[in-house]
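Participant: sequence and computational prediction follow.
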Amino acid sequence: MKSSKDLLTDRFGRTVTSLRISLTNRCNLDCIYCHSEGDEGTRNEMTVEMIAQIVDTASKFGVNKVKFSGGEPLVRTDFEDILKALPELKDVSVTTNGVLLKGRAHDLKEAGLDRVNVSLDTLDPDKYAYITHGRPEDLYEVLEGIKAAIDAGLTPVKINMVLLKGINENEIDDMLDFVRGYSGDLVLQIIQVMDFRDGAQYDLDAKKIEEDLERRADDIRMRKMHHRKSYIINGAEVEFVRPIENAEFCANCNRLRITADGKLKPCLLVNDNLIDFTNAKQEELPELLRASIERRIPFYTDSEEKRIIEKKTIIGDRKDGS
Ligand SMILES: Nc1nc2c(ncn2[C@@H]2O[C@H](COP(=O)(O)OP(=O)(O)OP(=O)(O)O)[C@@H](O)[C@H]2O)c(=O)[nH]1
Ligand code: SF4
Ligand code: SF4
């Protein structure tokens, strides 16, 4: 058990146990709601060594989970090398659009990946093309990718469905059926759309939709991270990610972000408090991690007046990101 001085705890009592690492801002799709992990879209990308060093350092302070994201992380052909360079961790996962997953799933598992989240907002090829600006046929690649991930043991595979008014809000039951069809290997994750790119115009009453699911649930679980709830509905599991104006979500935020070009980023929605570690020596990394933890502030708090950071700091209207 680590003592408190060996943990990355911020002044709001939130201990960081997870790193969310963007590997690239490049992407092979162009989704209407892409939030680019709130990053400014540089083309610079960390090397395998830089990623391994920062994870290694963080792991000595109790970080035991890493989530890789993008852009689209699988456009990096050295992703397997990155995985192989990591220290021992409890959970290593990736969030991908799934288009390139089929041919990589087994190698990724062998390189040390534990599980995968795949973006899939709809089962309708034309709607898929509308949302992603990809080809309708890309949907079939994603479905094949999901099967390959299950086959490789990258389970549970989470299916990320961003709820979009007028597009897929009536598809929740179809998605639940889809998940049920893979008896326990899939979890549906419903995500409230955020105010990035065209996101605002597809916003809907996510709270009400979550309450409907709650009413239908046979069982309800709550995760430590963000206090997210998941609902078991007739054998299918559905987790709900509702970050907007949700103080409880931020009060239980235990992840630190790292941008593709090597900056520590305390919050998805804030961009003026980043710390660049690209030129740091390994022995300087603990201090930089601590400095970044000092800058962590819950974005949403209990009352509107108490909100510490104004919404105008949200970076919007950009492409590339997961
Ligand atoms: N505001 C905010 N949104 C988040 C945060 N973490 C995840 N999200 C949202 O949830 C979406 C899905 O997250 P994923 O990348 O699949 O990962 P996850 O579900 O958070 O992580 P696991 O459950 O561990 O797989 C993201 O694209 C964001 O929109 C967070 O810390 N803050
Ligand atoms: S918006 Fe809240 S939950 Fe998301 S990263 Fe910022 S503090 Fe964490
Ligand atoms: S990174 Fe952005 S454009 Fe690419 S798949 Fe994810 S949401 Fe879509």
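Facilitator: Arrived safely. Numbering: from 1, shown residues only. Ligands and ions are numbered 1, 2, ... in the order given.

Participant: is ligand 1 contacted by stretch 292-303?
Facilitator: No. No part of stretch 292-303 sits near ligand 1 under the criterion C-beta under 6 Å from any ligand atom; the closest distance found is 7.0 Å. C-beta here means a position set from N, CA and C on the backbone, and glycine is covered the same way.

Participant: beta-bridge partners for whatever residue of the stretch 101-250 of the chain ends up closest to ligand 3, please?
Facilitator: Nearest residue of the stretch 101-250 of the chain to ligand 3, counting by C-beta to the nearest ligand atom: S119, 5.6 Å away. Listed beta-bridge partners, S119: N160 (assigned using DSSP bridges).

Participant: L101 touches D138, doesn't it?
Facilitator: No. With the criterion set as C-beta atoms under 8 Å, L101 and D138 do not qualify as a contacting pair; they are 11.5 Å apart.

Participant: which one of the two has more residues nearby?
Facilitator: Neighbours around L101 and D138, counted as other C-beta atoms under 10 Å, are more numerous at L101. The numbers are 25 against 18.

Participant: relative to ligand 1, how far out is the more buried one?
Facilitator: Remark: distance between L101 and ligand 1 (C-beta to the nearest ligand atom, to the nearest Å) = 14 Å.

Participant: just H133 next, same as before
Facilitator: When distances are taken as C-beta to the nearest ligand atom, H133 and ligand 1 turn out to be 18 Å apart.

Participant: next one: phi and psi at that residue?
Facilitator: When read as degrees, to the nearest 10, the backbone of H133 gives phi 60, psi 20.

Participant: for it, which residues are in contact?
Facilitator: Shown in contact with H133 (C-beta atoms under 8 Å, 6 or more residues apart in numbering): L29, D30, C31, I32.

Participant: in CSV, list those along with neighbour count and pLDDT.
Facilitator: Below are the contacts of H133 laid out as CSV (neighbours: other C-beta atoms under 10 Å; pLDDT from 0 to 100):
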residue, neighbour count, pLDDT
L29, 22, 96
D30, 13, 93
C31, 23, 94
I32, 19, 93
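
Participant: out of those, who's near ligand 3?
Facilitator: L29, D30, C31.

Participant: which ones are touching the residue of the stretch 101-250 of the chain closest to ligand 3?
Facilitator: Taking C-beta under 8 Å, 6+ apart as the criterion, S119 is in contact with C31, T95, T96, N97, G98, V142, N160, V162, S322.

Participant: just the buried ones from those?
Facilitator: Under a neighbour-count criterion of 16 or more other C-beta atoms under 10 Å, the subset of the contacts of S119 counted as buried comprises C31, T95, T96, N97, G98, V142, N160, V162, S322.

Participant: in TSV: those residues, plus distance to ligand 1 and secondary structure.
Facilitator: What follows is the buried ones among the contacts of S119, written out as TSV (distance: C-beta to the nearest ligand atom, whole Å; DSSP: H, G, I helix; E, B strand; the rest coil):
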residue	distance to ligand 1	secondary structure
C31	10	coil
T95	3	strand
T96	9	strand
N97	11	coil
G98	12	coil
V142	14	helix
N160	5	strand
V162	7	strand
S322	6	coil
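
Participant: please enumerate the strands of the stretch 201-322 of the chain.
Facilitator: Counting by DSSP state E, counting those that start in this stretch, the segments of the stretch 201-322 of the chain that form strands are 219-222, 229-233, 236-241, 255-258, 263-265, 275-276.

Participant: how about residues contacting the longest one?
Facilitator: In this case it means strand 236-241. By C-beta under 8 Å, 6+ apart, the residues outside strand 236-241 that reach it are 158, 172, 176-177, 179-180, 187-192, 206, 210, 213, 223, 226, 228-231.

Participant: spell out which parts of the stretch 101-250 of the chain neighbour ligand 3.
Facilitator: Applying the criterion C-beta under 6 Å from any ligand atom, the portion of the stretch 101-250 of the chain that neighbours ligand 3 consists of S119, T132.

Participant: flag every residue of the stretch 101-250 of the chain that's near ligand 1.
Facilitator: Taking C-beta under 6 Å from any ligand atom, the part of the stretch 101-250 of the chain that reaches ligand 1 is made up of N117, K158, N160, Q189, I191, M194, V241, P243.

Participant: among those residues, who's most crowded?
Facilitator: Highest neighbour count within those: Q189, with 24 neighbours (other C-beta under 10 Å).

Participant: next up, the contacts around that residue.
Facilitator: Residues near Q189 by C-beta under 8 Å, 6+ apart: N117, K158, I159, N160, M161, V238, E239, F240, V241.

Participant: looking at the stretch 151-300 of the chain, which residue is nearest ligand 1?
Facilitator: In the stretch 151-300 of the chain, no residue comes nearer to ligand 1 than P243, which is 3.5 Å away by C-beta to the nearest ligand atom.

Participant: tell me, how many neighbours does I54 end up with?
Facilitator: Here the number of neighbours of I54 (other C-beta under 10 Å) works out to 25.

Participant: next SSE after the helix or strand encompassing it?
Facilitator: Remark: I54 resides in helix 48-59, with elements defined by DSSP states H and E. The helix or strand immediately downstream of helix 48-59 is strand 65-69, counting by DSSP H and E.

Participant: brilliant, that's me finished.
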